[in-house]
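J.: next come a sequence and a model predicted from it.
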Amino acid sequence: MKNVILKVLAMIMLALPAAHAADYSIQQRWTLDGAGRWDYLEVEPAHQRLFVTRGERVQVLDLATGKVAGEIPGLKRAHGVAFAPKLGLGFASSGEGDSVVVFDLESLKVKQEVKVSGRNPDAILYHEASGKLYTFNGKSTNVTVFDAATMKQVASIAVGGKPEFAVSDRSRIYVNIEDKNAIAVIDVGANSVVAEWALPGCEEPTGLAFDVAGKRLFSVCGNGVLAVTDASSGKAVARSSIGKGADATVYDPSRNQVFSSNGEGSLTVIRQFDADHYALPISIPTMKGARTMAVDHASGRIYLPALVDQHFTITVVAPST
């Protein structure tokens, strides 16, 4: 019966009109220093800055111009960045340091480095409603939970597989489990896993986005699929094809669009009609290797990093005017 439902959903999606590629276009390319590693990047709206994890540091850019506004040193293979605006703090996961680097959000000065109860902290998430900070530790299949204000560890949660990117609402954390093709659901108050939902047709889920109002989770998968899951029940409600090598996805609620950044050198754009119905995907050429991204929800601008001629480059894609 599940296969029949998914086939019907796929037929519905095919019958709906797609977004137009002309709705989005490349507007800028920022060429920065050198090559090296990179991973996730995040927009920090209050100061209009873009934080990019780059190996041993986090590089901070002006959101409008791409000019370097500062950097946070002292990391060992930086992965993710999170912000606690009311605390005036930022956090960066140091994968090979098995730690979190805490910095002042205004000055960017490092305040402290704190060890995690696990190995290779990758994605990192600040949960404002509870004041908790979560690191998702890829090599120890667990999640470390801190009180963000004091950086005292309050819990360690086993998730039974390799955690990837995570999102949240007021009471729950949702995290892709890459090697189990599933989403683990963590209760914020109980500090425990309360559900695990299979992702039919999805292999090796990494990036995760959330339509909070519509209660829909979007997982990008290693086999070129975007899986849509009901965040209330865990049921699969839709699937779409995306480009190859995706490692991030974002949802833009003001424009009702889902995006997938694909390492093959494309950005997939999928229009959402309602929580369960999605248009055919369209593809915008970007740069080979541009597998991660961040979005500025105010402007709709999307930032995609990659190497171009051995120079670290960020492509800026935005809605056409």
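T.: In hand now; what should we look at?
J.: what ranges does the stretch 51-200 of the chain have for its strands?
T.: Under the criterion DSSP state E, counting those that start in this stretch, the stretch 51-200 of the chain contains strands at 57-62, 68-72, 78-84, 89-94, 99-104, 110-115, 121-127, 132-137, 142-147, 152-158, 163-168, 172-177, 182-187, 192-198.
J.: nope, the stretch 201-321 of the chain is what I meant
T.: Listed in chain order, the strands of the stretch 201-321 of the chain (DSSP E, counting those that start in this stretch) span 205-211, 216-221, 225-230, 236-241, 246-252, 257-262, 266-274, 277-278, 282-285, 294-296, 301-308, 311-319.
J.: pLDDT of the shortest one, averaged?
T.: Model confidence over strand 277-278 averages 96 on the pLDDT scale.
J.: repeat that for stretch 76-89.
T.: When pLDDT is averaged along stretch 76-89, the result is 97.
J.: contact partners for residue 300?
T.: The contact partners of residue 300, taken as C-beta atoms under 8 Å, 6 or more residues apart in numbering, are 252, 254-255, 318-319. C-beta coordinates here come from the backbone N, C-alpha and C atoms, glycine included.
J.: again, only using 6 Å
T.: Residue 300 makes contact with 318-319 under the criterion C-beta atoms under 6 Å, 6 or more residues apart in numbering.
J.: hmm, back to that, out of the strands of the stretch 201-321 of the chain, nearest to residue 71?
T.: strand 311-319 (12.8 Å; C-beta to C-beta).
J.: give me the buried positions along that closest one.
T.: Neighbour counts over strand 311-319 (16 or more other C-beta atoms under 10 Å) mark 312-318 as buried.
J.: would you turn the strands of the stretch 201-321 of the chain into a markdown table with distance to residue 38?
T.: Below are the strands of the stretch 201-321 of the chain laid out as a markdown table (distance: least, C-beta to C-beta, whole Å):
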| stretch | distance to residue 38 |
| --- | --- |
| strand 205-211 | 15 |
| strand 216-221 | 18 |
| strand 225-230 | 23 |
| strand 236-241 | 26 |
| strand 246-252 | 11 |
| strand 257-262 | 12 |
| strand 266-274 | 17 |
| strand 277-278 | 30 |
| strand 282-285 | 20 |
| strand 294-296 | 12 |
| strand 301-308 | 5 |
| strand 311-319 | 7 |
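J.: so which of the ones you listed is nearest residue 84?
T.: Of all those, the one in closest proximity to residue 84, counting by C-beta to C-beta, is strand 294-296 (17.5 Å).
J.: give the rounded mean pLDDT of that closest one.
T.: 96.
J.: and what of stretch 98-111?
T.: In this model, stretch 98-111 has an average pLDDT of 98.
J.: same deal with stretch 258-272?
T.: Mean per-residue pLDDT for stretch 258-272: 97.
J.: and it, how far apart are its ends?
T.: 7 Å (C-alpha to C-alpha, to the nearest Å).
J.: so what touches that stretch?
T.: For stretch 258-272, contacts defined as C-beta under 6 Å, 6+ apart pick out 19, 218, 220, 226, 240, 242-246, 248-251, 256-257, 278-279, 281-293, 304, 317.
J.: try stretch 201-213
T.: Applying C-beta under 6 Å, 6+ apart, the contact partners of stretch 201-213 are 164-165, 167, 169, 176, 178, 181, 199, 217-223, 225, 227, 239, 247-251.
J.: chain center to that stretch: distance?
T.: Relative to its chain's centre, stretch 201-213 lies at 9 Å (C-alpha atoms, centre = their mean, to the nearest Å).
J.: buried set for that stretch?
T.: Quick answer for stretch 201-213 (16+ other C-beta under 10 Å): 202, 204-211.
J.: and for stretch 212-220?
T.: Using 16+ other C-beta under 10 Å as the test for burial, stretch 212-220 gives 214, 216-220.
J.: for these, work out which two are farthest apart.
T.: Greatest spatial distance in the buried residues of stretch 212-220: 214 and 220, 17.8 Å, computed using C-beta to C-beta.
J.: buried stuff in stretch 102-114?
T.: Buried residues in stretch 102-114, counted by 16+ other C-beta under 10 Å: 102-103, 105, 108, 110, 113-114.
J.: swap that for stretch 285-293, sorry
T.: By neighbour count on 16+ other C-beta under 10 Å, the buried set for stretch 285-293 is 286-287, 289-293.
J.: quick check: end-to-end length of that stretch?
T.: End-to-end span of stretch 285-293 (C-alpha to C-alpha): 14 Å.
J.: kindly report the same for stretch 120-137.
T.: OK, stretch 120-137 end separation, C-alpha to C-alpha: 5 Å.
J.: pull the residues that contact it.
T.: Residues from elsewhere that reach stretch 120-137, judged by C-beta under 6 Å, 6+ apart: 79-80, 82, 84, 91, 93, 95, 116, 118-119, 138-139, 143-146, 148, 163, 165-166, 168, 170, 175, 188.
J.: now do that stretch: distance to the chain's middle.
T.: Relative to the centre of its chain, stretch 120-137 is centred 13 Å away, using C-alpha atoms, centre = their mean.
J.: and the average pLDDT for that stretch is what?
T.: Across stretch 120-137, the average pLDDT comes to 98.
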